[in-house]
Each structure stands twice: as structure tokens, then as C-alpha cells.
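Enquirer: next come a sequence and a model predicted from it.
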Amino acid sequence: MAGSGHRLIRLRTLVHVIAPRAGKAVPEGFRRLIAIEDVSKRYADGTVAVDRLSLQIPDHSITVLVGPSGCGKTTTLRMINRMIEPSSGTIRVGGEDVRARPVNTLRRSMGYVIQNAGLFQHRTVLDNIATVPRLLGWSRQRARERAAELMERVGLDPAMARRYPYQLSGGQQQRVGVARALAADPPILLMDEPFSAVDPVVRRSLQEELLRIQGELGKAIVFVTHDMDEAITIGDRIAVLRTGGRLAQFAAPDEILSSPADPFVEEFLGSDRGIRGLSFLSTRDLELDRSRVFPVGSDRREMSGRAPEGAPVLVTDADGRPLGWADPGSWDGNVEALEPYGPVFEVGRDSLRVALDRTVLSPTGQAVGVDGSGKVLGVAGQETVAAAIRSARRRRAADAPQEAPAVKAGR
Amino acid sequence: MNVLNFMQSFFSDGSHWHGRDGIPQRVWEHVQYTAAALAIASAIGLPVGLVTGHTRRGGNTLAFLAAGARALPTFGLLVLMFFWLGLGIVPVMIPLVVLAIPPVLVTTYEAVRTVDPSPVDAARGMGMPEARILFQVEVPAALPLILSGLRSATVQIVSTATIAAYVSLGGVGRYILDGLYQHDYEKVVGGAALTAVLALLALLLFWAVGRVAVSPGVRRRRTA
Amino acid sequence: MNGFFDIPSDLQHSYGGLIAVHMQEALVPVLAGLLLALPVGLLCVRHGWLYAPLLWTSTVLYAIPSIAFFVVLIDYTGLTQLTVMIPLCLYSLVVLVPAVVDGIRSVPEETNAAASAMGIGLARRYLQVQLPIAVPAITAGLRVAVASSISLVSVGALIGNQGGLGNLLTTAQLYGRPRLAVSSVVTTAVLAIVIDALLVLLRRVLTPWQPPSGRAAGRSGATPADPAAHTAEGAS
């Protein structure tokens, strides 16, 4: 399956499957798969929240359930840990029907994060996080130690341990909620619109934190959101549900962006899905033009000679770092007189979307591509980027879903 | 009638501080009646309030019963009990308990019912058993309100326990009733003042309990 | 059956007459208490610091046993109905002021802001915006105050038969006729229930903007929690 940029995670998955941790004979991947089989939820008044949904949720990845209100995404999530019982159909975790075990045993084996965190206001942050370990019978000491570990993992200042929820900001409370869900190291994490109640800036940082944590831990995460952009940002696979609880499409984000299954999905994706889809294409193979890049101090005639008639050239310093654009014909050699080169893109790391954006922002319509240390590798105009897009798509259409570049949607 | 004068002379009279009819004795009796009535009312009201609040079922029945209990006149009940059961402690306890149950019951129910559902949902999702959710998640959050229901009941009991005197029992009401029949208004005022003091002490006691029992995380939040 | 309704002549009222007296002695003070509580409650909301001391004072006042209160007042108002009604009015404040405060506080901030932004003056805002929304909380308080009041009127029997139906209690003891006591208790209870039901009806009529009741009703609607209870939290 094509992911949306978790190259690191892919490697980890391989390690997990090929070289399982000592003491675990069976590859865990299979055991923790969640299978939703033909599940429906009908209410007494006739409302159908979920309509014959079938979904296979893999391990070591983030599966996002997304859709408009009334599409049954939260209902589906809550059926996994039996907060809601399906009217028909079966849900299996690791091959075993979720109804086989006592419900509390099931729930204690899954992390559950909800909107507004649902922290216990009467307990300190540390004791909040320690809840499930305590439920499982750990000693208070051990539970608190674990809680302290987790605080660090989710990026909370240890000084917060003895504070109460009312003293925390929304974003901090959400982190505590995530830490609490991870405390007993459950293989599965269920998240119900966890970041919807915070402001966009905080939301971005929480999403990035989640991706970082997932990179370290590799859980099976089922994430519910109504925000398609959030789904694209963090999801390895996305299940788009329509009102009435039916599955519209289940695929990797870039596939959904490039080939929405039907008009509903297309509409739900919103505008400029084409441009958004560029986030998944790498600048690795972009053909950069070196002919118009000159270090400062180069001969002026040489500059005018090599560059096309009248076109501006990019002047760099002695190390190769960009300084600005100059008109070779009229430039007097003064560094101050150079036109600013605008934001740059890092070749290989940034996506074609970024490169395209840089061409738009560049005063000359040419984006400046640099390497990891900031040295110029070349420039590219919009046509070059467009050509790269076309060839990337041709490549994808030719072979099976390619390995996605290690870039995050949005960059 | 100079109320303050009467109060002063009542309390400064040395004989009032000793013996079977002394202030300490009467106050102690009064405290006992109050404690007993509160204990019984809580034993009935708290569990029912907690369970109906947690399950959110039976609220209407509860409202009904509470309204009915409130409708029963306390003094009337006392006289009736006196007719049917004669003198003693039971004819006093029954009206007091009937009086105290509604505030305890209804306030506890409301307190638990109106707890923020988010932590409860999270707790359930974490696999916490229902009873544990009630006692470890809902009650701590609802505690301030529950305590205030108990406090309100206590004040009402303290005030009404004076009727114990009507059926020849003790308590601070003895002063009031004796004062009424003997036209000794010092006693009446003294008795009233004692009742007020006891009520004040009850308020202080609950305040102290609140400070100890209510988590700082909950206390601070209630700045509404 | 006769034993219940045959009122001794020294009570100077018929059965129906006693009911009328009892209602008057119980309801008028509560009404007066409400009229007092409305401005006082508003003051407490606008000047928060007033609330706590006021509550503590009224709670302590509430603690003073009714009979003692009645006795003290005899010197000033004699053995009349007024002697009973004044303390009852003060008692009702313990319940009604918190109810009014709660009710006003239950008005959403946005509503207040919208009203000010529209240029609605303070008095108008209180009467036309805040009070109507406060009706559920206030009626909840009224129900408790009325029940308490009706119950306490009976104690007036001990000071010269000013207890309405309560007079039947002392008379019952005097003449050894328990049936009169039963009559007193049952009648009082029925009256209390009827008035309570009427108040609920009144609330429904005054708040067509609220869903009828049951699950949808908020805390201030369905169950009259003891308003004196949860509000005194402001004091602690």
C-alpha cells in the first residue's frame, strides 16, 4: 500500500515483521489487524448510522475514517471497543471476535482518545496518565513512573506532572489525553476527532507530534476526523464514508487525491486536489538548470554569454549559497543591488507542490533548488515542474503504487 | 423585647451551663438528633441519588417522590407520629428524615447527572467498570454539589430538630418550648441563638470537609 | 368521615376557611420574598462579592427555628397572622435569592452581549431578556420555598392558633381527636402537591421556548434541586 510519507515507518514495519522482538513468536502484525465485517448499526427510530461496512485495518499504520456528519465514522470507531454494539456484522481484532472477551478486558487493550480529552479534572496530570496501568493492577509507583515516561514521549514538560487539568491549555490537555491512551502500551489506538477542539496552529503541532510518536511506536491507529486535510496529512490509508454510513473509497491519500472513486469523494476533497496531490510527488528527479547559476565575482561577459538572452541569473556566494537574482547586462557587481531570491525548496526532501509554490513566489518565475546544506543545485521554472509532474504521473500509472517520497503532505 | 439583652442574660446565667438542662447537655442532645437524622437521610438519599444520577434513569420518579416528601408538613407529621407512636425518639426521627431526604436525594442526583460526560466516556472507553466510574470519576467531580446538598439538609435538620422538645425530648428546642410556656423569653431567645450558632458551626464543618475532600482540580474550576 | 372535617368552633373557621387562611399565610410571604429576591439577586450577580455574605446570613437566619422567631415577634406584631408571615418571608429568601441568581447566571453570555449590542438598557434587559430565561431556575426555587412555607405555617398553631390547618394539630391533642391531625397532615400535603403542580404548569406556560420536560429539560427545570444547597458554594 502506498503510504503518505512514512518511509521511516515502512522500515520499522519490516524490522518488526522480519525480526520480531524476543519473546514474541508470532509476527504481531497479523494479530493486531482489525477486521470490520459487514457491520451495520441501525437505531430504533430507523436511522442507519453504519450500513454494511467492511474494512480491513492494518497494523503499524494510521487509518483515517473521514466523512461529513452522519456518515457513521464515530459510530464505527466506537463499535471497535464496544462502546456501541453493532446491529449486525462482526468486528475482529487479531482474528478474534471482539465479543469473545469481557468488554473491559477488550477496552483496556486499546487506547481511546476523544475530543476535549476527557481528562479527570480531580486528578493530577500524572495520575490521569497512570489510570489504565492502575486499572491493570500496576503499583502506584510503577504506574507513575510509566506516566512520567509518557509525558516525555508526548512532549510535555515534566513540571506539569503535579498540575491539574484546569491549569493546562487545550493543546496540553490533548497531549495528556494521548499519553493516557498510550500508558499501557496498547497495540491499537482509537482516536475520535482528538484535535478538532483546538485552534489550527495547535492542531498542526499535535498532528506532527502524533506522526513523530507513531514513527517511534508503530501502533495501529484508527483516527476519526471530519477534516479531509487532516486525513490527508496524517493518514496512511483513508476510508471516506458517506452520510448514511456507507464506504465511498478506501485508499492511500495520494490515490484518493488523484483518482477519487465518485463525485461524492471528489466533492468532499474540495478544490485544488490536483495541487494538493503534488505533495506526494518528489523533487528528486526534477531537471534543474545549472546554466544560470554563477558565484559572485564571475566574469560579467561569461554570465551574459551562457544565460539565454536577457534572462536574469542567480548569483551565489563562494560556498554556493544563493544571494539573489541579477540582470547580467546591467548588474554592477554590488551584492546589495541583487533582487531577493525568495523561499527555496530542498531537492529530494520537498515535494513538487513546494517547488511549484516557489516558482510562483519567485520574482523571476524560477524556483531555487538547494541541497541539505543550503547550496544551490539549480533552478527550475514552471514548465520544468510541469514536465516533472507529467512524467511522475506516467510512472505511477505504469507500475503499481510507487513508494511515496518521504515528504509530508503540506510541505 | 430587647433580643440582645435577653441573649446576654441567658448566656451569662451560670445555672444555664450545668446540669440536665444545661447548655452543654442540650447542645449535645441536639447534635445527636441532628447526626442521627442526617445519617439516616444520607443512607437513603445518597445511594439512590448516586445510582439514579449515574444511570440517568428514574429522574422523573425521583422528582415526584421528592416533591411529595417536601409536601408533608413536618410539624404535622410529628403530631401524627406522636398520636400513633407516643413519646420517644422515633416519632421525632421520622419527620426529620422525611424533611432531610429531598435535599440530599435531589441534589446528589443533579450533581452526578450534570457531571461533564467527557471524562465518563473516556473512562468507559478505557475499560473502567461502571461502579468504579461512579466513585472515581463522577463522585469526585460532583462532590462540591453533593456536599452542599448535605449541608443544606443539615441546616434544615438543626433548625427543625427543635421540635423534639414538643414530644418531651431534649435538645435546644427544650429552651424554646419551655420559654414559650413559661413566658420566659430569655430562654426562647437563648434557644434560638444556640440553634443559629449550631447552624453556623455546621456550615463551618462542611466548609472544612470541602477543603479536605474536594480535589484542588475540582475546586478551582467552579469559578462560575 | 365526619371526624376529619368537623372543626371545633373555637378555631373560628370552617374546614374550607382554615384552608384559605393556611394558603394566605403560606403564599403571601413567598410572593413577598420573590419580590425582594428579584432585585437582591440581581445585585448579587452584578456585585459578586455581595453574594457570599448574603448567603451565609440568610442561611443562619433560616436556621433560627420558626417557633422562636414567631415568639420574638409577638411583642411587635402580636398574636396575628403577620407574626407568622414575616419569618416565612425571610425564610423564603434563603431559597429564592440563590434561585434568582442561578437563573440570571443561566442566561448565556452571548445573549447578554447581543442585548447590550442592540442598545437594550439594563432594566429592560433584566425584565425582558434575563428574567424570562431565568424562569425555570426561579420556579424551581419557588417550588421548594412554597413547600417549605406551607409546612412551616402549621407551627403557628403554637402561638395562638395562627397556624391555619396546623391549628387542627393542637386541637387534636387538646380534644384527643387524632382524626383531626390526620386531616391536617393530609390536607396540607395535598395542598402542597396541588400548588407544586400549578407551579410546574406555570413554568410550562411561561417558557414555550423550552422543550416540555423529561430528558430535554435542564437542571433548573425537571427537578427542583435545593437551590440553597448548590449556590452556597459561592460562599465556601
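Expert: Arrived safely, thanks for sending. Numbering: from 1, shown residues only, chains lettered A, B, ... in the order given.

Enquirer: would you mark the buried spots in the top helix by length along chain B?
Expert: If you go by DSSP state H, chain B has its longest helix at helix B:23-55. Across helix B:23-55, burial judged by 16 or more other Cβ atoms under 10 Å in any protein chain shown covers B:23, B:25-27, B:29-31, B:33-34, B:36-38, B:40-42, B:45-46, B:48-54. Every C-beta, even on glycine, is put in place using the N, C-alpha and C of the backbone.

Enquirer: that one vs chain C: in contact?
Expert: No. Using Cβ under 8 Å from any Cβ of the partner chain, helix B:23-55 never reaches chain C; the gap is at least 10.0 Å.

Enquirer: please compute how far that helix lies from its chain's middle.
Expert: 6 Å (Cα atoms, centre = their mean, to the nearest Å).

Enquirer: report the angle between whichever helix or strand comes after it and helix B:23-55.
Expert: As assigned by DSSP states H and E, the chain's next helix or strand after helix B:23-55 is helix B:59-71. Counting by axes from the mean of the first three to the mean of the last three Cα atoms, to 10 degrees, helix B:59-71 lies at 160 degrees to helix B:23-55.

Enquirer: which strands and helices sit next to the helix or strand just after helix B:59-71?
Expert: Next along the chain after helix B:59-71, taking DSSP H and E as the criterion, comes helix B:74-85. For helix B:74-85, the packing partners by 3 or more Cβ pairs under 8 Å, 6 or more residues apart in numbering or on different chains; DSSP states H and E come out as helix B:90-113, helix C:131-153, helix C:167-175, helix C:178-206.

Enquirer: residues of helix B:74-85 that come out buried?
Expert: B:Thr74, B:Phe75, B:Gly76, B:Leu77, B:Leu78, B:Val79, B:Leu80, B:Met81, B:Phe82, B:Phe83.

Enquirer: chain B contacts on the stretch 151-300 of chain A?
Expert: So the stretch 151-300 of chain A meets chain B at A:Tyr164, A:Pro165, A:Tyr166, A:Gly177, A:Arg180, A:Leu190 (Cβ under 8 Å from any Cβ).

Enquirer: redo these as CSV? Include distance to B:Glu138, pLDDT and secondary structure.
Expert: Shown next, in CSV, are these (distance: Cβ to Cβ, whole Å; pLDDT from 0 to 100; DSSP: H, G, I helix; E, B strand; the rest coil):
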residue, distance to B:Glu138, pLDDT, secondary structure
A:Tyr164, 17, 92, coil
A:Pro165, 16, 91, helix
A:Tyr166, 17, 91, helix
A:Gly177, 19, 93, helix
A:Arg180, 18, 93, helix
A:Leu190, 22, 95, strand
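
Enquirer: ranking by neighbours, what's the top pick from these?
Expert: A:Arg180 (29 neighbours; other Cβ atoms under 10 Å in any protein chain shown).

Enquirer: doesn't A:Thr131 make contact with that one?
Expert: Yes. Assessed by Cβ atoms under 8 Å, A:Arg180 is found in contact with A:Thr131 at 6.0 Å.

Enquirer: just the element for B:Val158, please.
Expert: helix B:139-160.

Enquirer: say whether chain C is contacted by that helix.
Expert: Yes. Contact of helix B:139-160 with chain C (Cβ under 8 Å from any Cβ) involves B:Pro144, B:Leu145, B:Ser148, B:Gly149, B:Arg151, B:Ser152, B:Ala153, B:Val155, B:Gln156, B:Val158, B:Ser159, B:Thr160.

Enquirer: so what's B:Arg124 up against?
Expert: A:Met83, A:Arg107, B:Ile133 (Cβ atoms under 8 Å, 6 or more residues apart in numbering or on different chains).

Enquirer: neighbour-wise, give me the winner out of the residues you listed.
Expert: So for these (other Cβ under 10 Å), the most neighbours sit at A:Arg107, 26 neighbours.

Enquirer: and A:Asp199, how far from chain C?
Expert: 19 Å (Cβ to the nearest Cβ, to the nearest Å).

Enquirer: quick revisit: tell me the angle of the helix holding B:Val158 relative to helix B:23-55?
Expert: Using the same axes, to 10 degrees: helix B:139-160 against helix B:23-55 is 140 degrees.

Enquirer: who touches whichever helix or strand comes after helix B:139-160?
Expert: Toward the C-terminus, helix B:139-160 is succeeded by helix B:173-182 as the next helix or strand (DSSP H and E). Helix B:173-182 has contacts (Cβ under 8 Å, 6+ apart) with B:21, B:26, B:30, B:161-166, B:184-192, B:194-195, C:65, C:67-68, C:71, C:158-159.

Enquirer: Throw the residues of the stretch 151-300 of chain A next to chain B into TSV and include distance to chain C, thanks.
Expert: As requested, these are exported to TSV (distance: Cβ to the nearest Cβ, whole Å):
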residue	distance to chain C
A:Tyr164	18
A:Pro165	20
A:Tyr166	16
A:Gly177	27
A:Arg180	29
A:Leu190	28
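
Enquirer: thought A:Gly378 was touching A:Asp371, still the case?
Expert: No. Taking Cβ under 8 Å as the definition, A:Asp371 is not a contact partner of A:Gly378, at 10.2 Å.

Enquirer: neighbour count for those two, which is higher?
Expert: More neighbours surround A:Gly378 than the other of A:Asp371 and A:Gly378, with 20 against 13 (other Cβ under 10 Å).

Enquirer: list the residues that contact the residue nearest the centre of chain B.
Expert: What sits nearest the mean C-alpha location of chain B, by Cα atoms, centre = their mean, is B:Thr154, with 2.0 Å. Listed by Cβ under 8 Å, 6+ apart, the contact set of B:Thr154 reads B:Thr34, B:Leu38, B:Ala100, B:Ala202, B:Phe206.

Enquirer: where does chain A dip in pLDDT?
Expert: Chain A contains residues with pLDDT under 70 at A:1-32, A:306-308, A:399-411.

Enquirer: domains of it?
Expert: What automatic domain parsing lists as the domains of chain A is A:7-109+A:187-271, A:293-393.

Enquirer: out of those, which is closest to C:Leu96?
Expert: For C:Leu96, the closest of the domains of chain A is domain A:7-109+A:187-271, at 37.8 Å, according to Cβ to Cβ.

Enquirer: what is in contact with A:Arg180 and A:Thr131 at once?
Expert: Common neighbours of A:Arg180 and A:Thr131 (Cβ under 8 Å, 6+ apart) are B:Met126.

Enquirer: if we take the residues of the stretch 151-300 of chain A next to chain B, which one ends up nearest to C:Tyr91?
Expert: Looking across these and measuring by Cβ to Cβ, the closest to C:Tyr91 is A:Tyr166, at 36.3 Å.
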